[in-house]
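Enquirer: Take this sequence and fold it.
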Amino acid sequence: MDDLEEIATLLTKPEPSAGAVARGRDRLQRRMRAGRARRRVGWFMPGVALVAAGAAAVVFATGAPTNDGAPVTGKEVLLMAAVSAERTPQGSGTYWHVTRQWPKSDSPPMESWTRRDGKRWTKGGPGDPPDAVVPAPAWKTLSLKGAKVSFEDLERLPTDPEALKAWIAERKGNENDMFASEIQGDPTFTLLALITELPAPAEVRSAAFRALAATPGVENAGAVEGGQQLRFPYPDGGKDIELVVDPEKARVTRANLVVVDDGDLAWNDKFISVTTEWTDQFPSAKKS
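Expert: This next block holds a predicted model:
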């Protein structure tokens, strides 16, 4: 059996052995070394509700050269991330904290803190006063496929990739807040939201990674800082979606497109860095 076929086979078993997972992880790590970046001048496309400035784009050579001469495919990276996600503790805390850092060094990060009751605060967002943490409007809360979603809703999502895609196709949302592909049932944006910013449980994140691994046309552009740079066809046509995935931590660390946890969409030719965490700490600012 091929090294990475073994990893894929692991995903079909309810309880793969720790030894088999470790062997698969070690093989993928050895095959994920190398990859160099080259630059070109690019263009900027603003997000739906978020705006960032960009002048240069980063483009990477196709494929990830490895010490055994075989490239690591995008599918293989996503399958490894799925295995890692299943074994990554979900964490706990009072607030789900998301930070987005724009590539322009003088642009402040955009942050949000969302409590389990849906109450939300933001900092650095469009219209927010400088350096202030402010309550978000009541309608500005966690969203998925054009509709409000609660922590409880996320915890009840299917943990099988095909069932998850079926749920996405059937989910009704506000079509004014959806793209044509979403209206038609394409799962890409929803799956990206589940692995990037939303507080989805570990099993749901794993299912989303596995579902994305089956996306036609997904490619690995090579090893970069923070993981492997993956490229997806944009479901509505146009510039490809690019993500940097750390398969060991099952995290999207950077992306040129961010499906924001409140449903907005942000684009930038340079990567936007994303970090998420559960925390009990709130910035030293008065909450209302």
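Enquirer: Leaving out the residues flanking it, which one is nearest to the residue nearest the centre of the chain?
Expert: For the chain, the residue nearest the mean C-alpha position is residue 196 (2.4 Å; CA atoms, centre = their mean). Excluding its sequence neighbours, the residue lying closest to residue 196 (CB to CB, 6 or more residues apart in numbering) is residue 252, at 4.7 Å. To be clear about C-beta, it is placed using only N, CA and C from the backbone, and glycine gets the same treatment.
Enquirer: All the helices of the stretch 151-288 of the chain, residue numbers only.
Expert: For the stretch 151-288 of the chain, the helices defined by DSSP state H, counting those that start in this stretch cover 151-155, 161-170, 180-183, 188-196, 202-213.
Enquirer: tell me what the third one is packed against?
Expert: If you count contacts as 3 or more CB pairs under 8 Å, 6 or more residues apart in numbering; DSSP states H and E, helix 180-183 packs onto helix 188-196.
Enquirer: mean confidence for the helix it packs on?
Expert: Predicted confidence along helix 188-196 averages 95 (mean pLDDT).
Enquirer: what does that helix rub up against?
Expert: 81, 144-145, 154, 157, 164-165, 168, 171, 179, 181-182, 200, 204-205, 208-209, 211-212, 215, 232, 235, 241, 243, 250, 252, 255, 257-259, 261, 265, 274, 276 (CB atoms under 8 Å, 6 or more residues apart in numbering).
Enquirer: of the residues you listed, buried ones?
Expert: 81, 144-145, 154, 157, 164-165, 168, 171, 179, 182, 200, 204-205, 208-209, 211-212, 215, 232, 235, 241, 243, 250, 252, 255, 257-259, 261, 265, 274, 276 (16 or more other CB atoms under 10 Å).
Enquirer: so how far is residue 116 from residue 271?
Expert: 30 Å (CB to CB, to the nearest Å).
Enquirer: Neighbour count for those two, which is higher?
Expert: When residue 271 and residue 116 are compared for neighbours, residue 271 comes out ahead with 25 against 13, by other CB atoms under 10 Å.
Enquirer: Sounds good, over and out.
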